[in-house]
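Chemist: Got a predicted structure plus its sequence, pasted below:
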Amino acid sequence: MENNYLKRFKENELRSCQLKQLEILKIFDRICRKHNLRYWIDGGTLLGAVRHKGFIPWDDDLDIAMLRNDFEKLNEVGPTEFKKPYFWQTEETDRGSARGHAQLRNSDTAGIIKTEYERQRNNNFNQGIFIDIFPFD
């Protein structure tokens, strides 16, 4: 199964990306606990946790969901709480990154999505490896 990234991962590269995402999730969890914010894993991440006791072997992303109030609070504290190399990315914190949801990225890495690379060659926004954070209304 082909993933979303610019080049096809070799098995060890995909695992390295998954482990980097897990590191990002641990930072995310620490900040959420500090501010008493609730979240849950969602989508393929939840399926992987149940079915594979971890990541789906070919999955290249990590999905988090939050109720809107918690998401908005995280948008308030995220830009200052997440310290370098971590970066709280929304359209407000990084123009051009429009997705309709937030991403927490590790700026010391690269996680360029194939469709973004093909759609526009001028990707002047943070493209580190990330986890997705979706608001639920």
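Modeler: Perfect, I can see it now.
Chemist: Going by neighbour count, which residues of the lengthiest strand in the chain are buried?
Modeler: When the chain is parsed with DSSP state E, its longest strand is strand 129-136. For strand 129-136, a neighbour-count test (16 or more other CB atoms under 10 Å) marks Ile129, Phe130, Ile131, Asp132, Ile133, Phe134, Pro135 as buried. No exception for glycine: its C-beta is placed from N, CA and C like everyone else's.
Chemist: Show me what that strand is packed against.
Modeler: With contacts taken as 3 or more CB pairs under 8 Å, 6 or more residues apart in numbering; DSSP states H and E, strand 129-136 sits against helix 11-34, strand 63-67, helix 68-81, strand 102-106.
Chemist: which parts of the first one are buried?
Modeler: If I follow you right, that is helix 11-34. Result for helix 11-34 [16+ other CB under 10 Å]: buried residues Leu14, Cys17, Gln18, Lys20, Gln21, Ile24, Leu25, Ile27, Phe28, Ile31, Cys32.
Chemist: Let me know the next secondary structure element after that helix.
Modeler: Next along the chain after helix 11-34, taking DSSP states H and E as the criterion, comes strand 40-41.
Chemist: strand partners of that next one, parallel vs antiparallel please.
Modeler: When sheet partners are counted by DSSP bridges, strand 40-41 sits next to strand 63-67 (antiparallel).
Chemist: The strand it pairs with vs strand 129-136, what angle?
Modeler: If you take axes from the mean of the first three to the mean of the last three CA atoms, to 10 degrees, strand 63-67 sits at 30 degrees to strand 129-136.
Chemist: mind listing what's buried in strand 63-67?
Modeler: Asp63, Ile64, Ala65, Met66.
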